[in-house]
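Enquirer: Provide a 3D model corresponding to the input given below.
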Amino acid sequence: MAVTFGLLGEIQAHVGGEAVDLGHARQRCVLATLLVDANQPQPLDLLIERVWGEHPPRQARTTLYGYLYRLRQAFSDVPGVRIDRRPAVTCCPSTRTRSICTGSGC
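Expert: Numbering: from 1, shown residues only. I've put the predicted structure just below:
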């Protein structure tokens, strides 16, 4: 089953030609941030800066965890795509798709 991600224009993901519901714009921004630096660890503070800029909300870390949880749910039934919990966030490729996982050692 092919998985494709679109990062130019509206952030999109398709599995087998079907669109994946990625949630609202800020949550899609989190996915784009993970995909842009595939295979590179991204500390949570860096993700927060990239998603909210210089003025993140007080609960940015908690909100980010919620976005990651919902993205994990969106891809939970997709073979080859995963989002794991670890100290930093990394996007790792698999053979046919891009895996999304957290941590430096996917």
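Enquirer: sec struct for the spatially most central residue of the chain, please.
Expert: For the chain, the residue nearest the mean C-alpha position is L31 (3.0 Å; CA atoms, centre = their mean). Judged by DSSP: H, G, I helix; E, B strand; the rest coil, the three-state class of L31 is helix.
Enquirer: check which helices and strands the longest helix anywhere in the chain is in contact with.
Expert: The longest helix of the chain (DSSP state H) is helix 60-74. Judged by 3 or more CB pairs under 8 Å, 6 or more residues apart in numbering; DSSP states H and E, the packing partners of helix 60-74 are helix 25-36, helix 44-52. Using the backbone N, CA and C atoms, a C-beta is placed for each residue, glycine as well.
Enquirer: report the buried residues of stretch 14-26.
Expert: For stretch 14-26, burial by neighbour count (16 or more other CB atoms under 10 Å) applies to 15, 20, 22-23.
Enquirer: identify all contacting residues around that stretch.
Expert: Contacts with stretch 14-26, where a contact means CB atoms under 8 Å, 6 or more residues apart in numbering, come from 1-4, 6, 11-13, 28, 31, 51, 67, 70-71, 74-75, 78.
Enquirer: separate out the buried members of the residues you listed.
Expert: By 16+ other CB under 10 Å, the contacts of stretch 14-26 give 3, 11, 13, 28, 31, 51, 67, 70-71, 74-75, 78 as buried.
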